[in-house]
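Peer 1: no FASTA, just this:
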């Protein structure tokens, strides 16, 4: 069996990303971007013309090729090219990506009976192609740039499963949660265990850090988060602890419940732009690292505005150890690659130099 | 000229809503609901079958009838039946409500030239029907239940003007703000002056409180809020101060920048469910009243869940003066009227009784 703890310890000597995750001082602020391999890149679009999104993800050679694309940006970490919804296919929901609509689930959850009908997932079999991608990426860049594995968090997965796709107000999800509390808790426990297995398998395959995406949990009140979500996120975070790899806890719109996100766990909390980075960090306390928090729309802004806002964020982290520069959410398809490279440069140059 | 200051002082003797706005102790916690007159009510739907939304709003007799509908719920305040986008019609944007799509503007703002083309607005002429509704409502219920006037805040109006309708990420709005800074500031100043005139006219016509809806400003970072929005909201709030009526400052998704909302102004800050009420109030300080903050989806939950969450909110405000119970956003069309009445009862009963 691979020894990920040893592996990642070796990495931390040379990787500013892994060092910052552990709140060690680094020469430069590490930077990577959510959705840094994506439609905004001409080489991605060229590949995408020939293959569907799921074909690209399910073919380890292609997924590896895409994962590696952002190397040219000079980023300090790569993130696996995959999708948070992949486990929903073996769970029996029928995952499709419909152009112009995004993800669509053919068999959404509408009743407590639907929860009982979920199929058991065996990660090594059902999601083996993802693990193979992790291994291939490692064989390409192992020891040079750390690879981040990831999964969707139970609430965010449940919201897609119940809504049947994307949503604005999460009406069905919340109603299900309030009306069918037992079924909700069964669903969340199922998703927590699948997610934990999945992330552990990614680390065993060679991922040196993991990010748990609870993208839409900011739709909830802190009270509901505590009752309906926190225990399951914590189950995953605690279940990963023995692996010794940094755990990044990502969410958006959660400025009002950062202490609860911290309680749920994670070595790094990823915050969005809706709160000043220093205020978020003061609220979280110095015993976690922080990731963020540029508004992705700023990558579409004129360079002077962009530079100004990047420096504003760097200033807030000044003098503290454990800041990983990132966006508050994914790179938008309209983004110019040059602007992304420009941000990497400014962040690496730092505000003092 | 009507003397609104005297008028509202008289009101405060008997109105728990106006008293709470002034942070005076009240016998019961006052309660009203955003969009308390709307599609969830059978009597509203009956009227709506015969008239379009804009016909109802532009006919003072009909708008008055709708404004008064929620009296039967036992609420402590009425809010004018109108729409935040009404000033966009005289500004020259061509306002329509398209079934299934919501508001659509025929002439959105896409260039700095479009800002220069905005037409001057004379509130008494261009929006006289709203003022007439205020007078009619007052003649029906004056002295019994206070009437809240309202307007959209400059950022929220600008977002509709630039997007041409509703939006999820406010891409066009933010790009315009970053790329055309001078035009942005001209637009915001124009909207601030129109909004101030409009709200002053509503108070002169008899509104005993006003609410400024900055519904979508939570899409911004605190840094951008300070640079691009705060001065204009402050202009409105300060421009209303001499009238002596409570000013409610409403926004959603702003848990990370409450101190800035307070700086912008308002006697009452209306917060959504994404932050605990007591944490929000601690952040704001005791020198403002607070309005909120039930998730509207909870009105669709089973009664025991709903009651539990209402009491959770009341508990957080216990022992402090100046809480107005409300939702964090508008009543959803799927809501059962009985659930709204149920909440009024629980709030009025209080947690001690």
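Peer 2: Received it, and whenever you're ready, just let me know what you need. Here the structure is a predicted model, which means the values were calculated and not measured.
Peer 1: SS state for residue A:293?
Peer 2: Under DSSP: H, G, I helix; E, B strand; the rest coil, residue A:293 falls in the strand class.
Peer 1: Contacts only, for residue A:106.
Peer 2: Shown in contact with residue A:106 (CB atoms under 8 Å, 6 or more residues apart in numbering or on different chains): A:93-96. Any C-beta I mention is one placed from the backbone N, CA and C, and that applies to glycine too.
Peer 1: swap in residue A:248?
Peer 2: Residue A:248 sits next to A:21, A:148, A:209-212, A:266-270, A:291 when contact means CB under 8 Å, 6+ apart.
Peer 1: need the longest helix for chain A.
Peer 2: helix A:181-205 (DSSP state H).
Peer 1: How are the helices of the stretch 51-200 of chain A distributed by residue range?
Peer 2: A:53-58, A:60-68, A:112-116, A:123-126, A:128-141, A:154-163, A:171-179, A:181-205 (DSSP state H, counting those that start in this stretch).
Peer 1: Please identify the deepest-packed of those helices.
Peer 2: Highest mean neighbour count among these (mean count of other CB atoms under 10 Å in any protein chain shown): helix A:154-163, with a mean of 26.
Peer 1: does chain B sit close to that helix?
Peer 2: No - figure legend: helix A:154-163 not in contact with chain B (CB under 8 Å from any CB of the partner chain); closest approach 12.5 Å.
Peer 1: orientation of that helix relative to helix A:171-179 in degrees?
Peer 2: Following axes from the mean of the first three to the mean of the last three CA atoms, to 10 degrees, one obtains 110 degrees for the angle between helix A:154-163 and helix A:171-179.
Peer 1: quick one, helix A:154-163 and helix A:181-205 angle?
Peer 2: 120 degrees.
Peer 1: I'd like the mean pLDDT over helix A:154-163, please.
Peer 2: Average pLDDT, helix A:154-163: 98.
Peer 1: Figure out how far it is from the centre of its chain.
Peer 2: Distance of helix A:154-163 from the chain centroid (CA atoms, centre = their mean, to the nearest Å) equals 16 Å.
Peer 1: and the stretch 251-353 of chain A, which of its residues are near chain B?
Peer 2: Contact residues (CB under 8 Å from any CB) of the stretch 251-353 of chain A with chain B: A:253-257, A:273-276, A:279-280, A:293, A:295, A:297-298, A:300-302, A:305, A:309, A:312, A:332, A:334.
Peer 1: Other residues contacting stretch A:172-186?
Peer 2: Contact partners of stretch A:172-186, identified using CB under 8 Å, 6+ apart, comprise A:109-112, A:115-116, A:158-159, A:162-163, A:167, A:219-220, A:224, A:228, B:295, B:297-298, B:300-302, B:305.
Peer 1: coming back round to it: next, give me the two most distant ones among the contacts of residue A:248.
Peer 2: Spatial extent of those (CB to CB) is set by the pair A:148 and A:269 at 15.1 Å.
Peer 1: Could you turn the buried ones of the residues of the stretch 251-353 of chain A next to chain B into a ChimeraX selection?
Peer 2: ChimeraX command restricting those to the buried ones, with burial defined by 16 or more other CB atoms under 10 Å in any protein chain shown:
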select /A:253,254,255,256,257,273,274,275,276,279,280,293,295,297,298,300,301,305,309,312,332
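Peer 1: From the residues of the stretch 251-353 of chain A next to chain B, which land in helices?
Peer 2: Per DSSP H, these map to helices at A:279-280, A:305, A:309, A:312.
Peer 1: could I get those residues as a markdown table with pLDDT?
Peer 2: Below are these laid out as a markdown table (pLDDT from 0 to 100):
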| residue | pLDDT |
| --- | --- |
| A:279 | 98 |
| A:280 | 98 |
| A:305 | 97 |
| A:309 | 97 |
| A:312 | 97 |
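Peer 1: Of these, which is the nearest to chain B?
Peer 2: When those are ranked by distance to chain B (CB to the nearest CB), residue A:305 comes first, at 4.8 Å.
Peer 1: Point me to the helix or strand that includes residue A:233.
Peer 2: Assigned by DSSP states H and E, residue A:233 falls within helix A:230-240.
Peer 1: So that helix, near chain B or not?
Peer 2: No - Helix A:230-240 does not reach chain B (CB under 8 Å from any CB); its nearest approach is 14.1 Å.
Peer 1: same deal with stretch A:40-56?
Peer 2: No - applying CB under 8 Å from any CB, one finds stretch A:40-56 out of contact with chain B, separated by at least 13.4 Å.
Peer 1: First-to-last residue distance for that stretch?
Peer 2: Counting by CA to CA, to the nearest Å, you get 16 Å between the two ends of stretch A:40-56.
Peer 1: Tell me which residues are up against stretch A:33-53.
Peer 2: Contact with stretch A:33-53 is made by A:56, A:59, A:62, A:65-67, A:69-70, A:73, A:75, A:79, A:81, A:83, A:97, A:250, A:326-327, A:329-337, A:340, as judged by CB under 8 Å, 6+ apart.
Peer 1: among those, which are in strands?
Peer 2: Members of the contacts of stretch A:33-53 lying in strands (criterion: DSSP state E): A:79, A:97, A:250, A:326-327.
Peer 1: What would I type in ChimeraX if I wanted to highlight the buried members of those residues and nothing else?
Peer 2: For the buried members of the ones in strands among the contacts of stretch A:33-53, the matching ChimeraX selection, counting by 16+ other CB under 10 Å, is:
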select /A:79,250,326,327
